[in-house]
Structure formats: structure tokens, C-alpha cells
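1. Sharing a model prediction with you, sequence too.
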Amino acid sequence: MPRVIVDVMPKPEILDPQGKAVHGALPRLGFDGILDVRQGKRFELEVSDADEATLAEVTEIAETLLSNPVIEDYVVRVEDSLDPPDGPTGQAES
Amino acid sequence: MKVGVVTFPGSLDDVDACRAVRLAGGEAVPLWHGDHDLKGVDAVILPGGFSYGDYLRCGAIARFAPVMTEVVSAAQGGLPVLGICNGFQILCESHLLPGALIRNDHRTFICRDQKLRVENNATAWTSALNVGDEIVIPLKNGEGGYVADADTLDRLEGEGRVVFRYLDVNPNGSLRDIAGIANERGNVVGLMPHPEHAVEELCGPGTDGLGLFTSALAVLAS
């Protein structure tokens, strides 16, 4: 089943207090090399067919519900099935 | 005069808003988010709280509640609508008011008695107040930072649509100390502080909030 990804990020000029909080926590953990952090949202939409009409519909969903265009930007893309499923993830390997 | 107060799942201050309407001399009519019916009310209040758990963005899902279709259409026709806190967020998400509310710049929830200056008394909800009045009403929010692009802010200022401004301290990072705004026609007003919590001497910082409710009733009566 194809999956369409919608990434929503606060516009660059909009203050992002959550990103700032995350950024502020990093030096306390010993991570000193990160210059800035912005926090956004990722939506994964399962669709039966990632055709042009579906993408147009998802774009409308992104515009009307998933993002608020006053404060956020969004990007719609089809998840690449060729993305390697392994590689660095949140799961630690035992 | 009948003033409808909408209850969404997660609304907190609907009962206080109803009480404020009654203390101001009006009849409070509970409205339900799932209804397509405003029950013939003369004005509508969108109360504070956490509609739909603030999921996605504050007010983002409430905007699409069935009752909002009626509220938006009636507001565009001139019905007085007041959005308090979460209600203000819903009005912005509904595009009845410009701009948006984002997380407080200091990243903590704030609850305080807040001094405001009345900047516009030509709206349906401020006619009983005077420009320059300083009022104190409770403020309690986690996402109350008012933002809009510079053109929008200039337009709001130029058209006198900033209705309330924070005094002494800017509690949440709102641009230009904006606490409340109105639409062009002045029938739709949104503000972050809670006038419905300042309507009786017994509790709260005083009765400065009552004027918003008596304003609407006076406008409707005239």
C-alpha cells in the first residue's frame, strides 16, 4: 500500500518554542555541536493509489487541516519504497 | 436576548460563559458542537478549554465541527461572535480572524490576573467600555502567543482592529502586545484572557469582564 508523507514545519520566521526547548536540552546531555533545532510534524497517509488525483487530494488535506498556512509550511511526497528499511532507526539492536 | 455558548469535547469554560451571560442580563443557550443548529440565538460565544484535546493544533479540529459551519456563516452575516482563549484559537483557525496563536514564548503555561488596555470600543463586544480603559481579567493559556505577518499586523493596527492590548507585561510573546482583535465589521472578537472569569466580586480579580457581555446585549437591544 503506498504511503504519502506530509511534513509540516513552523515557518522560519515563526518562533518555535518546542524546538528551542529541545535545543536547550542538548548541551546538558553533552551534545554541543548542534546549532539549532526546529520541531515539526510528520503525517503518514495510507492510500490505495498514489496517483495524481490522490496527491492533489492529500495536498488539499495538508493545506486545510494538517497545516495552518499562517504559521506552517508543508511538503507532500510519496514514500519511496526503495528506502532501505534498515539503517539507523529509533530501535536499538540487541 | 439569547446568547449561545458552544460546548466542544474538551471545552472547560462553557458553564462560566453561560453564567456571565446571565449575570449580564441575557439568556444563555447551550449549543452542542455536533449540531447544525444555532437555536435562533442572537450571539454566540466560543468558550475556553481544550477542544478535541488540542490535538493537531489548538482549535484546528473544532473548526470543522458541524456547529462551526453555522457559526462561520452567521458571523459573516453579522452575528456577534466572541471567542475566548480556545475560542479565539478556533476563530483564527476558521479564518474569521487573521493570524494564529502559538505556544507561549517562555514555554510554560501561565495563569495570572492580567491588566489589559481597551483599544477599540466600536465592536459588538466592547461598546460598554471606553477606549483607554484599563481592565484586569484572568489569563490562563499555554498557547497564547498571537502571531501574524507584518502586513497583517499593520492592517490590524491601521484599521483599529486591535481591541485589547497587554499592559505592564507581555505574558506570552504576543506580537505588539496584542491580547484581542476584531474582524473588519467588528461583530467577531477574539481574545486570550477570560472575561467570563471576572464577573463577580466573590471570585476572580473583580468584575471588569462583565462589560464584554453587557456590550453585546446592549448592541443587540439597540
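-> Perfect, I can see it now. Bear in mind the structure is a predicted one, so any value in this text is a computation, not a measurement. Numbers count the residues shown, from 1 in each chain, chains lettered A, B, ... in the order given.
2. okay, CA-based contacts and neighbour counts for the rest of this
-> Noted.
3. Doesn't B:E70 belong to a helix?
-> Yes: checked against DSSP: H, G, I helix; E, B strand; the rest coil, B:E70 lies within a helix.
4. okay, the residue lying closest to A:D49 once chain neighbours are set aside: pLDDT?
-> Nearest non-adjacent residue to A:D49, counting by Cα to Cα, 6 or more residues apart in numbering or on different chains: A:P2, 6.3 Å away. Per-residue pLDDT puts A:P2 at 93.
5. quick one: contacts for A:P2?
-> A:E46, A:V47, A:S48, A:D49, A:A50, A:V78, A:E79 (Cα atoms under 8 Å, 6 or more residues apart in numbering or on different chains).
6. where's B:D113 relative to B:G53, distance?
-> Applying Cα to Cα, to the nearest Å, the value for B:D113 to B:G53 is 25 Å.
7. now do B:F64
-> 14 Å.
8. what do you get for B:S174?
-> Distance of B:S174 to B:G53, computed by Cα to Cα: 23 Å.
9. higher neighbour count, these two?
-> Taking other Cα atoms under 10 Å in any protein chain shown, B:S174 and B:G53 do not tie; B:S174 has more neighbours (21 against 16).
10. quick one: terminal-to-terminal distance for stretch B:151-170?
-> End-to-end distance for stretch B:151-170, by Cα to Cα: 21 Å.
11. How about the contacts made by the closest residue to chain B within chain A?
-> Nearest residue of chain A to chain B: A:P17, at 5.9 Å (Cα to the nearest Cα). A:P17 makes contact with B:R103, B:N104, B:D105, B:H106, B:R107, according to Cα under 8 Å, 6+ apart.
12. Any idea how many residues pack against the last one?
-> Using other Cα under 10 Å, B:R107 is surrounded by 16 other residues.
13. out of everything not next to it in sequence, what's closest to it?
-> A:P17 (6.1 Å).
14. per-residue pLDDT, that neighbour?
-> So A:P17 comes in at 91 (pLDDT).
15. now A:P88
-> Looking at A:P88, its pLDDT is 59.
16. got the contact list for A:E79?
-> Contacts of A:E79 by Cα under 8 Å, 6+ apart are A:P2, A:R3, A:V4, A:I5.
17. Turn those into JSON lines, including secondary structure.
-> Shown next, in JSON lines, are these (three-state DSSP):
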{"residue": "A:P2", "secondary structure": "coil"}
{"residue": "A:R3", "secondary structure": "strand"}
{"residue": "A:V4", "secondary structure": "strand"}
{"residue": "A:I5", "secondary structure": "strand"}
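18. Just the buried ones from the contacts of A:P2, in ChimeraX syntax?
-> Restricted to buried positions by 16 or more other Cα atoms under 10 Å in any protein chain shown, the ChimeraX selection for these reads:
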select /A:50
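19. Could you tell me which of the contacts of A:P2 belong to strands?
-> Among these, DSSP state E puts A:E46, A:V78 in strands.
20. how about the contacts of A:P2 in a markdown table, adding pLDDT?
-> A markdown table is the format used below for those (pLDDT from 0 to 100):
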| residue | pLDDT |
| --- | --- |
| A:E46 | 96 |
| A:V47 | 96 |
| A:S48 | 95 |
| A:D49 | 93 |
| A:A50 | 92 |
| A:V78 | 95 |
| A:E79 | 91 |
